[in-house]
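> below is the sequence, then the predicted model.
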Amino acid sequence: MLQILFLFSLILTSTHVLAQDFCVANLKGGVQTPSGYACKKESTVTSDDFVFSGLGLEGNTSNIIKAAVTPAFVAQYPGVNGLGISAARLDLAPGGVVPMHTHPAATELLYVVHGHITAGFISSSNVVYLRTLKKGDIMIFPQGLLHFQINAGRRPSLAILNFNSPNPGLQILDFALFANDLPSALVEKTTFLDDAQVKKLKGALGGTG
């Protein structure tokens, strides 16, 4: 009897999920949870919720890493809420780099629109997977693994990024170590860098301590 009730509950749950075509994020007053935002009332949903035009605009690469990422995550693009997908635009000026970073909640797929990008990731076994990509190439970066992208040419490079989460998350290793108030003495012990190197990096990235 319990097995029948369990199966019946699964059928009802599946039917409910299938009956809901989408869940456009309620960004005004909505609270984000691990499963996403609450849904807007369907009567207030418009076509604009399913369209994002920001990826057509060149990002500002006038910064220390000479790179810009334009996100189309749930916070900018409420239509992706609950759909397990999002995107971003990556602009890399000559000499541009996206430092070692990780996306805790998503796998990333990079597609090179133009230019040359050296990209790679490091597995949990510390094996390096590295390739210089050209126009039309794609490369995947598994969820949670450290990875990077560098402009390998003398001209600007452009890539489109896709993620299997509406909110992939981001942690940049350099900023995690040197852009906060983690005491320099602890950074030195955990990285084997000397005091002068740590203070130089903290100064460049706005860290203290």
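It's in. Numbers count the residues shown, from 1 in each chain.
> where do the helices sit along the protein?
2-19, 173-178, 184-191, 195-205 (DSSP state H).
> which residues sit against the third one?
In this case it means helix 184-191. Residues from elsewhere that reach helix 184-191, judged by Cβ atoms under 8 Å, 6 or more residues apart in numbering: 177-178, 193-195, 198-199, 202, 209. Bear in mind the C-beta positions are built from the backbone N, C-alpha and C, glycine included.
> can you rerun that using 7 Å?
By Cβ atoms under 7 Å, 6 or more residues apart in numbering, the surrounding residues in contact with helix 184-191 are 177, 193-195, 198-199, 202, 209.
> go on, the shortest one?
Contacting residues not belonging to helix 173-178 are listed as 99-101, 146, 187, 191, 201-202, 205, 207 [Cβ under 7 Å, 6+ apart].
> which of those lies closest to residue 79?
Minimum distance to residue 79 across these is 25.8 Å, recorded for residue 101 (Cβ to Cβ).
> any idea how far residue 134 is from the residue nearest to that closest one when sequence neighbours are not counted?
Excluding its sequence neighbours, the residue lying closest to residue 101 (Cβ to Cβ, 6 or more residues apart in numbering) is residue 172, at 4.3 Å. Using Cβ to Cβ, to the nearest Å, residue 172 is found at 26 Å from residue 134.
> give me the neighbour count for residue 118.
16 (other Cβ atoms under 10 Å).
> so where's the protein uncertain?
1-19, 30 (pLDDT under 70).
> switch the cut-off to 50
Within the chain, the segments meeting pLDDT under 50 span 1-2, 4-18.
> please, where are all the strands along it?
Assigned by DSSP state E, the chain shows strands spanning 67-72, 86-92, 97-102, 108-114, 117-122, 128-133, 138-141, 147-151, 157-163, 171-172.
> quick one, which of the ones you listed gets closest to residue 46.
Residue 46 lies closest, by Cβ to Cβ, to one member of the strands of the chain: strand 67-72, at 17.3 Å.
> now do the contacts for the residue positioned nearest the centre of the chain.
Centroid-nearest residue in the chain: residue 168, 4.6 Å away (criterion: Cα atoms, centre = their mean). With contact set as Cβ under 7 Å, 6+ apart, residue 168 has these partners: 73, 86, 103, 105-106.
> buried subset of those residues?
Buried residues within those, counting neighbours by 16 or more other Cβ atoms under 10 Å: 73, 86, 103, 105-106.
> from these, which is closest to residue 61?
Among the buried ones among the contacts of residue 168, residue 73 lies closest to residue 61 (Cβ to Cβ), at 19.9 Å.
> surely the closest one touches residue 87?
No. Taking contacts as Cβ atoms under 7 Å, residue 73 lies outside contact range of residue 87: 8.3 Å.
> will you turn the buried ones among the contacts of residue 168 into a markdown table that also has distance to residue 153?
Putting those into a markdown table (distance: Cβ to Cβ, whole Å) gives the following:
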| residue | distance to residue 153 |
| --- | --- |
| 73 | 28 |
| 86 | 27 |
| 103 | 25 |
| 105 | 31 |
| 106 | 27 |
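> cool, thanks, signing off.
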